[in-house]
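Enquirer: Quick one, fold the following:
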Amino acid sequence: EVQLVESGGGMVQPGGSLTLSCAASGFTFSSYDMSWVRQAPGKGPEWVSAINSDGGRTYYADSVKGRFTISRDNAKNTLYLQMNNLKPEDTAVYYCRATRGSYDYWGQGTQVTVSS
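Expert: Residues are numbered from 1 along each chain as shown. This is a model prediction of the structure:
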């Protein structure tokens, strides 16, 4: 059974930091490109960041560039998102996503709330 389980969300003040993790199982993690997608209340999904299967290439939305860092540990089957200098507009449910060809898996999401 394919599973993507996000963790690390929570409430943080503006300017604070959080690190999200996504533990993968049930598929060959190292063969999949991975990404983070978020959805704020009342809005559609927004792509945040992506990393290729071996971790050699990373991509970021302009809204998070310079503040967020995506990484992966293929030995641990885990994806990460280090989020620094968080802003209220980063408040959303964050989902990890695994893609390879027609295969497309999503986690259940973790809530990040940035508020004073």
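Enquirer: Skip the chain neighbours and tell me the closest residue to the residue positioned nearest the centre of the chain.
Expert: By C-alpha atoms, centre = their mean, the chain has its centre lying nearest to Trp36, at 3.2 Å. Closest residue to Trp36 apart from its sequence neighbours, by C-beta to C-beta, 6 or more residues apart in numbering: Val48 at 4.3 Å. C-betas here are computed from N, CA, C, even on glycine.
Enquirer: List the contacts of whichever strand or helix holds the one you found.
Expert: Per DSSP states H and E: Val48 is located in strand 45-51. Contacting residues not belonging to strand 45-51 are listed as 33-40, 57-61, 63-64, 68, 70-72, 79, 81, 92, 94-95 [C-beta atoms under 8 Å, 6 or more residues apart in numbering].
Enquirer: which of the residues you listed count as buried?
Expert: 33-38, 60, 64, 68, 70, 72, 79, 81, 92, 94-95 (16 or more other C-beta atoms under 10 Å).
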